[in-house]
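Student: Provided below are the primary sequence and the corresponding predicted coordinates.
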Amino acid sequence: MSKEKMEMKKLIEAAIEARERAYVPYSRFPVGAALLTKDGRIIKGCNIENAAYSLANCAERTALFKAMSEGYQDFEGIAVVADTPGPVSPCGACRQVMAELCPPEMKVWLTNLRGKTMVTTVGELLPGAFGKGDLDGNGQ
Ligand SMILES: O=c1ccn([C@H]2C[C@H](O)[C@@H](CO)O2)c(=O)[nH]1
Ligand SMILES: [Zn+2]
C-alpha cells in the first residue's frame, strides 16, 4: 500500500473515533474530523451543539481550532466522516475556515460510514474564497 493510502486510512480511522465523541442532542447527526499536521500528529474534532442551536461547532472547525490553539499551524490533510448517503459535504463556514488556515492544495478526504470516500482540496471546496488579500486596497 502506498504511503499516501496508509496515511488516508489512519486519518479516516481517527475521524471515525472522533465522531464517537460528538455532542449532538439536537441533530443526532455526529460528525468526526481528523487533521494531520506536517510533523505527523493527528488532531481530532467532533461537532458540539448547543440548546441555542446556532452555536453548534462543526467537527472540522473543532479540529482546526484545537490545533491552532495548541500551536500547530501547518497541515497536511483532513478527513471528515458522517453517516451520509455519500461522502459528507463540509458546510460553508468550515470551507471558509479551511480556506483561511490551510493551503489551497491541501487534501481533504470526505467519507461516510460505508467507506464511500472522495478526495478533494481546500481550494476546490471554496473557489474564490474571501481571504486576507480582499481586505487590502479598500481606500481606508
Ligand atoms: O461537515 C459537516 C456538516 C455538518 N456538521 C454538523 C453541524 C451540526 O452539528 C450537525 C447537523 O448539521 O452536523 C459538521 O460537523 N460537519
Ligand atoms: Zn461546518
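Tutor: Nice, thanks for sending it over. Bear in mind the structure is a predicted one, so any value in this text is a computation, not a measurement. Numbers count the residues shown, from 1 in each chain. Ligands and ions are numbered 1, 2, ... in the order given.
Student: where does the chain dip in pLDDT?
Tutor: For the chain, applying pLDDT under 70 flags the ranges 138-140.
Student: what's the single longest helix in the chain?
Tutor: helix 3-19 (DSSP state H).
Student: just checking, K116 touches P87?
Tutor: Yes: using CB atoms under 8 Å, K116 makes contact with P87 at a distance of 5.7 Å. Where C-beta positions appear, they are placed from N, C-alpha and C, glycine not excepted.
Student: what helices or strands is the helix or strand that comes right after the longest helix of the chain leaning on?
Tutor: Per DSSP states H and E, the first helix or strand lying C-terminal to helix 3-19 is strand 31-37. Packing partners of strand 31-37 (3 or more CB pairs under 8 Å, 6 or more residues apart in numbering; DSSP states H and E): helix 3-19, strand 42-46, helix 59-69, strand 75-82.
Student: adjacent strands (with direction) for the shortest one?
Tutor: For strand 42-46, the paired strands and their directions (DSSP bridges) read strand 31-37 (antiparallel).
Student: look up how far ligand 1 lies from the residue most central in space within the chain.
Tutor: The structure's the chain has its C-alpha centroid closest to E60; by CA atoms, centre = their mean the separation is 3.1 Å. From E60 across to ligand 1, the span is 6 Å (CB to the nearest ligand atom, to the nearest Å).
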